[in-house]
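S.K.: Give the three-dimensional model of this entry:
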Amino acid sequence: MKIVVGTMNIAKLQAVENAMARVYADDKSMEVIGIKVASGISDQPMSDKETIQGAVTRAKMALKE
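M.R.: Numbering: from 1, shown residues only. I've put the predicted structure just below:
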């Protein structure tokens, strides 16, 4: 299973890998892949709304890639 995450941030990729390893403990072929995508927001979001908007945008862009 490949899990594509719209970030190259090592800490975020490790967090996803740790979480998915717990959810899919029996799947030894799981692979977390980071890709660089635009979030459509500033580098430092100033509100929860902006943070969520950036996360959704990155997920959609990662899915397209």
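
S.K.: Which parts of this protein are helices?
M.R.: 10-23, 48-64 (DSSP state H).

S.K.: winner for burial among the ones you listed?
M.R.: helix 48-64 (a mean of 14; mean count of other C-beta atoms under 10 Å). C-beta: built from backbone N, CA, C; applies to glycine.

S.K.: what's in contact with that one?
M.R.: 4, 5, 6, 7, 35, 37, 38, 39, 40, 41, 42, 45 (C-beta atoms under 8 Å, 6 or more residues apart in numbering).

S.K.: ranking those residues by neighbours, who comes first?
M.R.: When neighbours are counted as other C-beta atoms under 10 Å, the busiest of those turns out to be residue 6, with 23 neighbours.

S.K.: How about that one, nearest residue that isn't a chain neighbour?
M.R.: residue 58 (3.2 Å; C-beta to C-beta, 6 or more residues apart in numbering).

S.K.: Check the gap between that neighbour and residue 9 for me.
M.R.: 11 Å (C-beta to C-beta, to the nearest Å).

S.K.: Any idea which of the helices of the chain has the lowest pLDDT on average?
M.R.: Note on the helices of the chain: lowest mean pLDDT is at helix 48-64, with a mean of 89.

S.K.: Right, I'll call it a day here.
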